[in-house]
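A.B. asks: attaching a predicted model along with its sequence, questions to come.
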Amino acid sequence: MVAKNRTDASVRIVLAVCLFLLAIPLWAGSHRQSASQADLIGPDYAFALAAANHFLYSWQTGDLEHGTVQLSDRIRHSRNADQLEQFFSDGKDRAFEITRGHGQKGRYSFPVVLVTSRGSSRLARKFSEIVMVDSGKNDWVVNKLP
């Protein structure tokens with residue numbers, strides 16, 4: 001009789017575990033993204049991210065001409081030519097890291113890390129952000145330099 005109770009209990013436990021495991025996909029799939037996450041996935045976010053990446057590539061390669069074209073009027077008028085030239089020409093070996101941004105339609109901010117070489121074996125990392133704004137017709141420009 002004790003053996004039968006143990007067998008019945010074992011069967012119940014196995015059935016409960018199977019039902020729980022079968023219910024996990026239903027439970028996990030029922031979670032929806034928040035409204036702010038859904039906003040980030042749209043085409044505006046993709047255009048802003050691509051423009052930020054393109055601008056940072058101009059910085060990485062020291063391309064003042066292409067980088068300046070990607071700046072908003074606010075940035076161009078608030079910086080003199082020497083400051084912009086210094087931003088694009090400061091350093092030799094450079095790289096950048098860009099992570100998931102946040103914002104809303106028409107304006108997105110992306111955390112970035114600018115990595116520059118300081119000597120033969122040292123790297124300097126500058127943590128900042130780049131802000132992109134839509135200047136019309138999905139033409140995204142930098143509104144805050146990293």
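C.D. replies: Happy to help now that I have it.

A.B. asks: which of the three states applies to the residue nearest to the spatial centre of the chain?
C.D. replies: The centroid of the chain falls nearest to residue 100 when counting by C-alpha atoms, centre = their mean (1.8 Å). Classification of residue 100 by DSSP: H, G, I helix; E, B strand; the rest coil places it in coil.

A.B. asks: and the pLDDT at it?
C.D. replies: On pLDDT, residue 100 comes in at 93.

A.B. asks: quick check: it vs residue 117, distance?
C.D. replies: Distance of residue 100 to residue 117, computed by C-beta to C-beta, to the nearest Å: 26 Å. C-betas here are computed from N, CA, C, even on glycine.

A.B. asks: same check on residue 62?
C.D. replies: From residue 62 to residue 117 the distance is 13 Å (C-beta to C-beta).

A.B. asks: quickly list what's touching both of these two.
C.D. replies: Common contacts of residue 62 and residue 117 (C-beta atoms under 8 Å, 6 or more residues apart in numbering): residue 94.

A.B. asks: just say helix, strand or coil for the nearest residue to residue 127 once chain neighbours are set aside.
C.D. replies: By the measure of C-beta to C-beta, 6 or more residues apart in numbering, the closest residue to residue 127 outside its immediate chain neighbours is residue 113, 5.5 Å from it. Three-state assignment for residue 113 (three-state DSSP): strand.
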